[in-house]
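Novice: Sharing a model that was predicted from the sequence below.
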Protein chains: 2
Amino acid sequence: MSTKKNAEARDRESSWTTAPGIALQIRAGFQIASVATGSTPGWHGDKKAGKAAMKERGKLLAELQERLYAEARQGGERRVLLIVQGMDTAGKGGICRHVLGMVDPQGVHLRSFGVPTAEELSHDFLWRIRRALPPAGMIGVFDRSHYEDVLVGKVDELATPAEIEERYEKINEFERELVDAGYTLVKVALLIGYEEQGFRLLRRLARRDKHWKYSPSDVAARAQWPAYMDAYQAMFERTSTEYAPWYAVPADRKWFARLAVTELLAQALARLAPRWPEVRWDPRTQAAQVLATMPRHTAQLSVEELRAEAEDVAAESEDYRNGVEKLITQDARKDAGERVGNGQ
Amino acid sequence: MSTKKNAEARDRESSWTTAPGIALQIRAGFQIASVATGSTPGWHGDKKAGKAAMKERGKLLAELQERLYAEARQGGERRVLLIVQGMDTAGKGGICRHVLGMVDPQGVHLRSFGVPTAEELSHDFLWRIRRALPPAGMIGVFDRSHYEDVLVGKVDELATPAEIEERYEKINEFERELVDAGYTLVKVALLIGYEEQGFRLLRRLARRDKHWKYSPSDVAARAQWPAYMDAYQAMFERTSTEYAPWYAVPADRKWFARLAVTELLAQALARLAPRWPEVRWDPRTQAAQVLATMPRHTAQLSVEELRAEAEDVAAESEDYRNGVEKLITQDARKDAGERVGNGQ
């Protein structure tokens, strides 16, 4: 990357004055009613700068993902699980498409959860979730999740209040277990405003190519908006833990929600600092064996080429290390005091 | 899309003089030894034009995928399964990353098959394959597949010759069954040259960040190159059927292989011509219900906005129809007589 491009990239990054990991994390005293869903906490650039910053970060995210994947090939057990919740039209699908679309599809394990089937209902609510967990080395993505069972489950009284209480506990135990097994959880709630949802539903209804995303039950859920907000508030209070915190992402501006989730994911992976695995064989011995199968003149040629390429990679790798180090030590610590849910 | 851009797109597309569906399809008399692995059958543009054409086609592919997905939401049973085979380093992973990376990850069901586990070995060879089939509406991708059982299975004599013979039959029956159930199969063999593989293995060995992709068994497989070519030839002869033909894709030039697979996939989806599903509710009634929840002034505002947007979509939809129609009626029929495997 040229010095000019580096400088441009730095400028874009600097539009975060508070890292989203800090600005958006739910803490004691958080009130969902205080979230300005059209705000961009921590970010002080415009939409164009936001899109550019996201694309830039996407490259690092893609390399981090590849390293995590490679690590698992040698027995690594670590993995990341992104959990996305939000009301209808909040942009869950857009996160899957635009954020996860930046990394190799081979490294993404995406599952979405609808209304439980008869078989699923015959088991504990975590049964279908356990079956959908990502293998080691993957970025798992849950489009809706076990949290539906304390959201629609609570609002529509699909379980008794005592059962809902018990579920919060079970969820916390379950997530503790995952974290102990090598998971990093990134729990994201996309928060849109009531009016914005109205616009988005109307847009779906006006566009023939969006009708399939709409269901008449969406209006019924909308009618219970205050009950849903209460259920989200309770969910945050009961399940935002130190080992698996919730992030509240104002989502009226789709570009901001996607940018924020990209940054949260990149920071989660950067903290793992996955490394290319050590191999159990000697590259020089192997190369000699391959060279023995090549005609003499092409062998000479290729060795020269490869030497140059290996040097490029070494340099790149330094860029990568610096990128990750900066992400962890500086970017993730930026803090100008902004906090979601204090009217911001 | 502006008229100028349309014209540019047409220019790029016109670099196909024979559609890959015709140029690359394996027919009676095909000889793997006659494939020029560095050639670009049917394509007469350079790398830059190839990348641009791929990107352009990727947009149509993405929309086709979304429609197929939507169709399944209303009970559609159709799906596409891309099967990718090739020697080590042939670029299977690159297809997954760069071709499938152009469509929504929510619509891609990717599975890769390694050395069978003990459990898998205790079942018929198609057992693990059946478990990995994509749900309706998805683009399934198999990175390696049941064909490993007649490739490495044959070369390493993991089964008797009689068993291998039987497997060809079982595969044909299995694929017939899939096609009858609504699958479109796109079977792609990435063919690289022996020398090119040598270079690519050396590159992996020279680069620390590629070591994880290498295995000492790769050299052992390379030593059996002629036996593998025989196994591919037999596989083509026995399993390239009218309902599920094989495509031989010269793969020394990665950009060409990716472009060709993009085009093959887009043509497969375009032939399905998936349509936005008819819904079972009345959009106007639903919209009235949503509007009743909005403040009067925003409601007025949104109706105006939406009317304009709905018109845009209608126009777009015409572009789409024209694109698909052209793809099926013209692009997929281009034939200047080029055929893979006749030295081309």
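Specialist: Cool, got the structure. Numbering: from 1, shown residues only, chains lettered A, B, ... in the order given.
Novice: buried residues in the helix or strand harbouring residue A:204?
Specialist: Residue A:204 is part of helix A:194-206 when elements are defined by DSSP states H and E. Buried residues in helix A:194-206, counted by 16 or more other C-beta atoms under 10 Å in any protein chain shown: A:195, A:196, A:197, A:198, A:199, A:200, A:201, A:202, A:203, A:204, A:205, A:206. For every residue, glycine as well, the C-beta is placed using N, CA and C.
Novice: Can you get me a residue count around the closest residue in space to the second one that isn't next to it in sequence?
Specialist: Leaving aside its sequence neighbours, residue A:196 sits nearest to residue A:252 (C-beta to C-beta, 6 or more residues apart in numbering or on different chains; 4.6 Å). Neighbour count of residue A:252, defined by other C-beta atoms under 10 Å in any protein chain shown: 22.
Novice: Name the SS class of residue A:252, please.
Specialist: Counting by DSSP: H, G, I helix; E, B strand; the rest coil, the backbone at residue A:252 sits in coil.
Novice: What are the phi and psi values at it?
Specialist: According to degrees, to the nearest 10, the main-chain angles of residue A:252 amount to phi -70, psi -30.
Novice: Name the surrounding residues that touch stretch A:271-283.
Specialist: A:64, A:67-68, A:70-71, A:73-74, A:76, A:78, A:80, A:184, A:324, A:328, A:332, B:205-206, B:208-209, B:211-212, B:214, B:216 (C-beta atoms under 8 Å, 6 or more residues apart in numbering or on different chains).
Novice: ok, back up a step: in the helix or strand just after the helix holding residue A:204, which residues are buried?
Specialist: Going down the chain from helix A:194-206, the next helix or strand is helix A:217-223, by DSSP H and E. With burial defined by 16+ other C-beta under 10 Å, the residues of helix A:217-223 counted as buried are A:218, A:219, A:221, A:222.
Novice: Wasn't residue A:249 part of a strand?
Specialist: Yes - assessed with three-state DSSP, residue A:249 lies in a strand.
Novice: Verify the stated contact: it with residue A:261.
Specialist: Yes - using C-beta atoms under 8 Å, residue A:249 is in contact with residue A:261, at 6.6 Å.
Novice: Residues in contact with both of those two, list them for me.
Specialist: residue A:188.
Novice: who's more crowded, these two?
Specialist: Per other C-beta under 10 Å, whichever of residue A:249 and residue A:261 has more neighbours is residue A:249, with 30 against 27.
Novice: Distance check, the residue sitting furthest away from the middle of chain A against residue A:303.
Specialist: Centroid-distance maximum for chain A: residue A:296 at 49.3 Å, with C-alpha atoms, centre = their mean. Residue A:296 is 11 Å from residue A:303, where distance means C-beta to C-beta, to the nearest Å.
Novice: Show me what the helix or strand where residue A:56 lies packs onto, helices and strands only.
Specialist: Secondary structure assignment for residue A:56, by DSSP H and E: helix A:47-73. If you count contacts as 3 or more C-beta pairs under 8 Å, 6 or more residues apart in numbering or on different chains; DSSP states H and E, helix A:47-73 packs onto helix A:3-13, strand A:79-86, helix A:254-272, helix A:296-329.
Novice: JSON lines for the buried residues of helix A:194-206, including pLDDT?
Specialist: Shown next, in JSON lines, are those (pLDDT from 0 to 100):
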{"residue": "A:195", "pLDDT": "94"}
{"residue": "A:196", "pLDDT": "95"}
{"residue": "A:197", "pLDDT": "96"}
{"residue": "A:198", "pLDDT": "94"}
{"residue": "A:199", "pLDDT": "92"}
{"residue": "A:200", "pLDDT": "94"}
{"residue": "A:201", "pLDDT": "95"}
{"residue": "A:202", "pLDDT": "93"}
{"residue": "A:203", "pLDDT": "91"}
{"residue": "A:204", "pLDDT": "92"}
{"residue": "A:205", "pLDDT": "92"}
{"residue": "A:206", "pLDDT": "89"}
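Novice: and which of those is nearest to residue A:340?
Specialist: For the buried residues of helix A:194-206, the residue nearest residue A:340 by C-beta to C-beta is residue A:196; the value is 16.4 Å.
Novice: I figured the closest one hits residue A:86, correct?
Specialist: No - with contact defined as C-beta under 8 Å, residue A:196 does not reach residue A:86; the gap is 11.6 Å.
Novice: Chain neighbours aside, what residue packs nearest to residue A:203?
Specialist: Nearest non-adjacent residue to residue A:203 (C-beta to C-beta, 6+ apart): residue B:306, at 6.2 Å.
Novice: Does the one you found touch residue A:206 like I think?
Specialist: Yes - counting by C-beta under 8 Å, residue B:306 touches residue A:206, with 4.0 Å between them.
Novice: among the contacts of stretch A:271-283, which ones are buried?
Specialist: Among the contacts of stretch A:271-283, the ones that count as buried by 16+ other C-beta under 10 Å are A:64, A:67-68, A:70-71, A:76, A:78, A:80, A:184, A:324, A:332, B:205-206, B:209, B:211-212, B:214.
Novice: and the helix or strand hosting residue A:185, which strands flank it?
Specialist: Using DSSP H and E, residue A:185 sits in strand A:183-191. Taking DSSP bridges as the criterion, strand A:183-191 forms sheet pairs with strand A:79-86 (parallel), strand A:246-250 (parallel).
Novice: Can I get that strand as PDB, trimmed to CA atoms?
Specialist: Extracted in PDB, the C-alpha atoms of strand A:183-191 (Å, rounded to 0.1, in the frame of the first residue of the first chain):
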ATOM      1  CA  TYR A 183     -15.700 -19.100  21.400                       C
ATOM      2  CA  THR A 184     -15.700 -15.300  21.100                       C
ATOM      3  CA  LEU A 185     -19.300 -14.100  21.100                       C
ATOM      4  CA  VAL A 186     -20.200 -10.800  19.500                       C
ATOM      5  CA  LYS A 187     -23.900 -10.100  20.300                       C
ATOM      6  CA  VAL A 188     -25.400  -7.300  18.300                       C
ATOM      7  CA  ALA A 189     -28.900  -5.800  18.600                       C
ATOM      8  CA  LEU A 190     -29.800  -3.700  15.700                       C
ATOM      9  CA  LEU A 191     -32.100  -0.900  17.000                       C
END
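Novice: in chain A, what spans have low per-residue confidence?
Specialist: A:1-14, A:343-344 (pLDDT under 70).
Novice: can you rerun that using 80?
Specialist: A:1-14, A:296-305, A:315-316, A:342-344 (pLDDT under 80).
Novice: Pull the contacting residues for the closest residue in space to residue A:235 that isn't next to it in sequence.
Specialist: Excluding the flanking residues, the one nearest residue A:235 by C-beta to C-beta, 6+ apart is residue A:150, at 5.4 Å. The contact partners of residue A:150, by C-beta under 8 Å, 6+ apart, come to A:164, A:167, A:168, A:171, A:231, A:234, A:235, A:238, A:239.
Novice: Could I get the buried residue list for the stretch of helix or strand residue A:150 belongs to?
Specialist: Using DSSP H and E, residue A:150 sits in helix A:148-155. Buried residues in helix A:148-155, counting neighbours by 16+ other C-beta under 10 Å, are found at A:148, A:149, A:150, A:151, A:152, A:153, A:154, A:155.
Novice: Name all residues that make contact with residue A:245.
Specialist: A:25, A:26, A:187.
Novice: Buried among those? Need that as a selection in PyMOL.
Specialist: Of those, the buried ones can be selected in PyMOL as follows, counting by 16+ other C-beta under 10 Å:
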select buried, chain A and resi 25+26+187
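Novice: Of the contacts of residue A:245, which is the nearest to residue B:269?
Specialist: When the contacts of residue A:245 are compared for distance to residue B:269 (C-beta to C-beta), residue A:187 comes out closest, at 35.1 Å.
Novice: what sits opposite the closest one in the beta ladder?
Specialist: For residue A:187, the beta-bridge partners are residue A:83, residue A:246 (DSSP bridges).
Novice: Count the residues that sit near residue A:290.
Specialist: By other C-beta under 10 Å, 22 other residues sit near residue A:290.
Novice: Could you look up the SS state of it?
Specialist: helix.
Novice: hang on, isn't it packed against residue B:199?
Specialist: No - counting by C-beta under 8 Å, residue A:290 does not reach residue B:199; the two are 9.1 Å apart.
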